[in-house]
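below: sequence and its predicted model.
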Amino acid sequence: MQKEVSGDCLGSSADRTANEGNGVLVRPGDNFQGYKVERLLGKGGLGTVWLVRHLMLDTLFALKILDPHVVEEKPEDVKRFVREAKLATRIRHPNLVAVHDAGFDRQKGVYYLVMDYVQGSTLRDTIAFEVGFAALGALLVLAAAMMAYSYLFLFRKYRVEK
């Protein structure tokens, strides 16, 4: 689960702490693989997610970077990360976040993934603060998640002939 980290866009203490803890040399204002790093969006068990701006297109994206310790200590997580990135680029649906780029930065020794940036609150925040959301909203989210999972399962199980 990733938590939103508050702070200004130009080097908050949360951004610096995220960098110091995982060894990734990415900070707001840095350029990374053709993107300008704007701010930290969240941190999870395997890495960090940053708001980035494509340098040429001037468009916002979310950049997920695996922590260097994951690359060194958990090769199975790296394989899953790469496999999920490949699968995600093949799926197009209006309710799913699209993956636009992925790779390995040799200089920093990290794998990364560039995906759509979706502005708004987290599902956890919505459930906690929206009075009318409760049971019906939770069922709708569960149904959507089940549909996405079944779509992934069918996509992986049965390939369309070319």
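Perfect, thanks for sending it. Here the structure is a predicted model, which is why all the values come from computation and not from measurement. Numbering: from 1, shown residues only.

now residue 87: phi and psi?
phi -60, psi -40 (degrees, to the nearest 10).

can you check what pLDDT the model gives it?
As predicted, residue 87 sits at a pLDDT of 84.

next one: residue 140
70.

cool, the one 5 residues further on as well?
Looking at residue 145, its pLDDT stands at 72.

ok, the one 3 residues further on next?
At residue 148 the predicted local distance difference test score is 68.

count of neighbours near residue 102?
Per other Cβ atoms under 10 Å, the neighbour tally for residue 102 reads 19. The C-beta positions use only the backbone N, C-alpha and C, and glycine is treated the same way.

next, the buried residues of the helix or strand containing it.
Residue 102 is part of strand 99-105 when elements are defined by DSSP states H and E. For strand 99-105, a neighbour-count test (16 or more other Cβ atoms under 10 Å) marks 99, 101, 102 as buried.

could you list the low-pLDDT ranges of the protein?
Within the chain, the ranges that satisfy pLDDT under 70 run 1-25, 122-124, 126-139, 148-162.

quick one: the strands in it?
Along the chain, the segments classed as strands by DSSP state E run 3-4, 31-32, 35-43, 47-54, 60-66, 99-105, 110-116.

still on that earlier bit, relative to strand 110-116, how tilted is the strand holding residue 102?
Interaxial angle of strand 99-105 relative to strand 110-116 (axes from the mean of the first three to the mean of the last three Cα atoms, to 10 degrees): 170 degrees.
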